[in-house]
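Undergrad: This is a predicted model, with the sequence first.
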Amino acid sequence: NAGVTQTPKFQVLKTGQSMTLQCAQDMNHNSMYWYRQDPGMGLRLIYYSASEGTTDKGEVPNGYNVSRLNKREFSLRLESAAPSQTSVYFCASSEGISGSTGKDTQYFGPGTRLTVL
Amino acid sequence: GDSVTQMEGPVTLSEEAFLTINCTYTATGYPSLFWYVQYPGEGLQLLLKATKADDKGSNKGFEATYRKETTSFHLEKGSVQVSDSAVYFCALRGLVISSGSARQLTFGSGTQLTVLP
């Protein structure tokens, strides 16, 4: 099993450009998440999908959109990139959501390092 | 809302030294608590977790005990190795579904550990 995979690994954009970050998991997990990691701030949740067909905003959703394409794939789109979106983006998945003991452990992908000039 | 306060780094230790990284939290009820580790250039990996008060999570020589009375989940290791050099994140997962906190991890800011030979 590959676990959680993300593409691309690195990306440089100019302000105003758009792009989509791809994420896929092969663990048959129901829930998927997108985080951003900034220095000194830990990880912050952008959007999540509790199950196929549903998506919800996290802590910092502005400037982003998501699509839960199927159970395996969860993409993150930047419609008009801004320098404030320079960050490392992590996708994660879990079997379920909190309340199901042992099923809420999140597994992370290797990350996408995005620079917006 | 939920929050995690983590010991500021960086922390530099000699091989075989004792490690403590402090973590305290604020949350409603009894959240699940986690320690994640991030090695250079990689995504986060679950190190250990505890789901109820007085539980002790352990893995690879690391331990942390869920202390409800002090709202803490300090990470300890008796003898660190050079290979333990990484960033360590404390995180919690809330249990109150109605608040939305059940569906996300709240992370501390991370502690950089460097172990010298």
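TA: Done, it's in.

Undergrad: Is it correct that A:S93 is in contact with A:Y33?
TA: Yes: counting by CB atoms under 8 Å, A:S93 does reach A:Y33; the two are 7.1 Å apart. (Glycine included, C-beta is placed from N, CA and C.)

Undergrad: So, low pLDDT: which residues of the chain?
TA: This is for chain A. Across chain A, the stretches falling below the confidence threshold (pLDDT under 70) are A:1, A:98-102.

Undergrad: I was after chain B.
TA: Applying pLDDT under 70 to chain B picks out residues B:95-103.

Undergrad: A:T20 touches A:E79, doesn't it?
TA: No: with contacts counted by CB under 8 Å, A:T20 stays clear of A:E79, the gap being 9.8 Å.

Undergrad: Could you tell me which residues touch both of A:S93 and A:Y33?
TA: Each of A:F74, A:Q106 lies in contact with both A:S93 and A:Y33 under the rule CB atoms under 8 Å, 6 or more residues apart in numbering or on different chains.

Undergrad: Pull up the residues of chain B that are close to chain A.
TA: Contact residues (CB under 8 Å from any CB of the partner chain) of chain B with chain A: B:4, B:6, B:32, B:34, B:36, B:41-46, B:49, B:51, B:89, B:93-95, B:97, B:100, B:102-105, B:107-110.

Undergrad: how many other residues sit next to B:P10?
TA: Using other CB atoms under 10 Å in any protein chain shown, the number of residues around B:P10 comes to 10.

Undergrad: er, B:E8 actually
TA: Applying other CB under 10 Å, we find 13 residues neighbouring B:E8.

Undergrad: you'd agree it is up against B:T111?
TA: Yes: contact criterion CB under 8 Å: B:E8 and B:T111 qualify, at 7.2 Å.

Undergrad: Residue 53: what's it in contact with?
TA: All of this is about chain A. Going by CB under 8 Å, 6+ apart, the list of residues near A:G53 reads A:R68.

Undergrad: my bad, chain B
TA: Residues counted as contacts of B:A53 (CB under 8 Å, 6+ apart) are B:Y30, B:Y66, B:R67, B:K68.

Undergrad: and the closest residue to A:Q22 other than its chain neighbours, how many residues sit next to it?
TA: Of all residues not flanking A:Q22 in the chain, A:T7 sits nearest, at 4.7 Å (CB to CB, 6 or more residues apart in numbering or on different chains). When neighbours are counted by other CB under 10 Å, A:T7 registers 13.

Undergrad: pretty sure A:T7 is touching A:P110, no?
TA: No: with contact defined as CB under 8 Å, A:T7 does not reach A:P110; the gap is 10.0 Å.

Undergrad: how close does the residue nearest to A:Q22 sit to A:E73?
TA: With distances taken as CB to CB, to the nearest Å, A:T7 is found 11 Å from A:E73.

Undergrad: shared neighbours, those two?
TA: With CB under 8 Å, 6+ apart as the test, A:T7 and A:E73 both reach A:Q22.

Undergrad: if I read this right, B:Y88 contacts B:W35, doesn't it?
TA: Yes: contact criterion CB under 8 Å: B:Y88 and B:W35 qualify, at 6.3 Å.

Undergrad: Give me the common contacts of the two.
TA: B:L47, B:L75.

Undergrad: and chain A, which of its residues are near chain B?
TA: Counting by CB under 8 Å from any CB, chain A comes close to chain B at A:4, A:31, A:33, A:40-45, A:48, A:50, A:56, A:58-59, A:90, A:92, A:97-99, A:101, A:104-111.

Undergrad: Good, we can wrap up now.
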